[in-house]
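Chemist: Model the following, please.
(2 chains)
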Amino acid sequence: MTTIALQVNRRAVELSAEPRTSLADFVRDKLDLTGTHLGCEHGVCGACTVLLDGVPARSCITYAAACEGADVTTIEGLDEDEVTTELRAAFTREHALQCGYCTPGMLVSARDLVLRLPDADERRIRVGLSGNLCRCTGYVGIVRAVQSVIEARRARNIAPLADGGRTSLGPVGSGRAAPGRSESRPALQTLALASENATPGSIPDFIPATVLDQRFTLAHPPAKVFAMFDDIAAIAACLPGVSLKSPPSPERVEGLIRVRLGPIAASFEGAARVERDPATLSGRIIGIGTDQRSHSATQGEIRYRLLPLDDGAATAVELSIGYTLTGLPAQVGRPGLVRDLARRLVADFAANLDRHISGVPSEARAPAELSFWSIVSDVLRARIARILGRRSGAG
Amino acid sequence: MKPAPFAYERPRDLDAALSMLAASSGSAKIIAGGQSLGPMLNLRLVQPELIVDISGLAELKRAEVSGNELVLGALVTHADIEDGRTADVTRGAMRGVAANIAYRAVRNRGTIGGSLSHADPAADWISSLAALGARVTLRSLGGARTMPVAAFVVGALESALHAGEIVEAIHVPMRSASSHWGYAKSCRKTGEFAHAIGAVLIDPAVASARVVIGAIDTAPIVITDAAELFSGRIAADYKQRFDASVADGLLAKAGIDDAAQRHIHVSVLKRAVQEAAA
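Modeler: The predicted structure follows:
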């Protein structure tokens, strides 16, 4: 817990709260100011919008600890405010609310528009309110209410204030705090190893949501490359972020794959099944894993086919990597970012495989690790090295 | 949706922040306005042990014209730029970009340095600053280094920042009086993440053009010598000379396999070119 001192609705407040407490939870739970509503809790819906140092801010993605010394005004603090009083009357007149859930945030944003916009331009008002979602009344009445207040004020020769009256630089609410820290660090979460329940008895087939194809050629005969694909430990070592739990059997392998997308990290623990067909020089590795921390799961498969080139002196490797991601990270709604990650993963895998078969020492992998797989921890690298009985890369 | 517990520190100055970052060996995250990191914390996509809040550091809240460039501290907000609280050396280009980032309540806290650090391909500054030829200064305990914004983003949410390093300042070059600027983006809803971004800085007087195709789910395509997009020559009639098929080819080369996606990107780039010529 940390002690947070700030002004709420012109009243000095000093209360302790966890650092992770949002400003919205702080005013709602500690001060009973429940007019601030929480909708999406990730900055999209606008229901939690309050005034921070006099201008609108999202209280769901602003932590109370970051507002030390700041001046907070919630909807309750706008009872006597002139613009808000006019807006309330206009909202009533224009039927600009129904269930009322979005209304506190809507009023805070509308007040800002009334102060800043030069005139009652409908498009600018609609754009200005685009960060406040209403799911029942619709926006016609709300826009009309805001228009009418702007028109009335400009008719009374009240000039707009384009910058909302702010003069200093930097995030609103910041800058008046003394240096400090929370007293207690959270205890390191001890995560139960999920090896038992993450290792299903059978690994089912699936249809991947995303498939990436890659083709590259190796200056080695197909038989040699095919033998390499039989060496599961070596293949795993070429997959960035993968570590094996125990020496694999020819058909089944258990291990861990760590992936990172910017600040998002996941560690999937699971098992994979290996299939090979020497007649067609093809095969596949199909796996399933879960990440305890993010409550997400992934299924993935690597299909490969080897084709002789140059009368069998060289090999074309056709790789098809498919995966499906479920759970929290999959709900972010940005599938393109995950595709980019997978694309880089596949490119690294192909490059590592090429180096391995060509006999280039593993040191050559350092640049790839630095650029993208820098997250693969030293521990994992050491484990891979131990399994393979050879010196690892830059670790 | 509440974040997992984290410890919180508010360093007294930049050096203290860098020391905390260095001591954390990767388990700490820097937070400034928190408008990108906050949602990720709330969704528990990110669970750092320590949050180092730099939002109060006055040394990062500066904006000054130095020689031929504007130096913006990392904590300058989108609204600071939108409202003109910072000098504008881009003849309105940056103000226009800033005014259309997310929503006003977000712009009041979201910072230019934080947006770059987050390296979301769909974010506005990554593409617009690359087109403007801006540079970014990164600082760690070991010292500072400066690189073009165009080289800073290396992939989706992946920047050139090393562990222990933070974005300190952005250097924006003076935009020449004869240059034209165009910026367009396509969002499914106003203020949402862009699905396509086009940014062009064209100077027909000296036959130069910088073109950026952004929001492509990875680092933007930056074309510093964009004559090929204008049938080999940049002249006053560049709007007529714009060759959509060359842009389409660049996108295909960058791995955008979906023809519909390429069409959206090319159309948005075309809008940016038209805006520049208007």
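Chemist: Report the contact partners of B:Ser231.
Modeler: Listed by Cβ atoms under 8 Å, 6 or more residues apart in numbering or on different chains, the contact set of B:Ser231 reads B:Arg241, B:Asp243. Where you see a C-beta, it was placed from the backbone N, CA and C, and this is true even at glycine.
Chemist: Next up, the contacts around B:Ile81.
Modeler: B:Leu72, B:Asp88, B:Met94, B:Arg95, B:Val97, B:Ala98, B:Ile112.
Chemist: Using CSV, write out every CA atom in stretch B:115-125.
Modeler: What follows is stretch B:115-125, C-alpha atoms only, in CSV (Å, rounded to 0.1, in the frame of the first residue of the first chain):
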residue,chain,number,x,y,z
SER,B,115,3.8,6.2,-28.0
LEU,B,116,7.2,5.6,-29.8
SER,B,117,8.4,3.3,-27.0
HIS,B,118,5.3,1.2,-27.3
ALA,B,119,6.1,0.7,-31.0
ASP,B,120,2.5,-0.2,-32.0
PRO,B,121,2.6,-0.2,-35.8
ALA,B,122,-0.9,1.4,-35.9
ALA,B,123,0.2,4.4,-33.8
ASP,B,124,0.5,7.8,-35.5
TRP,B,125,3.9,9.2,-34.4
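Chemist: Chain A contacts on the stretch 101-250 of chain B?
Modeler: B:102-106, B:108-111, B:118-122, B:154-158, B:163, B:189-191, B:193, B:217-218 (Cβ under 8 Å from any Cβ of the partner chain).
Chemist: returning to that earlier point: quick one: least confident of the contacts of B:Ile81?
Modeler: Ranked by pLDDT, the contacts of B:Ile81 bottom out at B:Asp88, which has 95.
Chemist: how deep is that one tucked in, by neighbour count?
Modeler: B:Asp88 is flanked by 17 other residues according to other Cβ atoms under 10 Å in any protein chain shown.
Chemist: Residue of the stretch 101-250 of chain A closest to chain B, please.
Modeler: A:Gly131 (2.7 Å; Cβ to the nearest Cβ).
Chemist: How about the stretch 201-350 of chain A?
Modeler: For the stretch 201-350 of chain A, Cβ to the nearest Cβ, closest residue to chain B: A:Gly262, 2.4 Å.
Chemist: do you know how far the nearest residue to that residue once chain neighbours are set aside is from B:Val172?
Modeler: Of all residues not flanking A:Gly262 in the chain, B:Leu157 sits nearest, at 2.4 Å (Cβ to Cβ, 6 or more residues apart in numbering or on different chains). Distance of B:Leu157 to B:Val172, computed by Cβ to Cβ, to the nearest Å: 24 Å.
Chemist: Restricted to strands, list the contacts of B:Ile81.
Modeler: Using DSSP state E, the subset of the contacts of B:Ile81 located in strands is B:Leu72.
Chemist: Of the contacts of B:Ile81 - the most surrounded one?
Modeler: B:Ile112 (32 neighbours).
Chemist: ok, the closest residue in space to that residue that isn't next to it in sequence - how many residues close by?
Modeler: Excluding the flanking residues, the one nearest B:Ile112 by Cβ to Cβ, 6+ apart is B:Val76, at 5.2 Å. B:Val76 is flanked by 26 other residues according to other Cβ under 10 Å.
Chemist: phi, psi of B:Val76?
Modeler: Note on B:Val76: its backbone torsions stand at phi -60, psi 130 [degrees, to the nearest 10].
Chemist: Please apply the same query to A:Tyr304.
Modeler: The phi/psi pair for A:Tyr304 (degrees, to the nearest 10) is phi -140, psi 150.
Chemist: if I look at the closest residue to it other than its chain neighbours, how far off is A:Leu353?
Modeler: Spatial nearest neighbour of A:Tyr304, chain neighbours left out: A:Leu319 (5.4 Å); criterion: Cβ to Cβ, 6+ apart. Distance from A:Leu319 to A:Leu353, counting by Cβ to Cβ: 9 Å.
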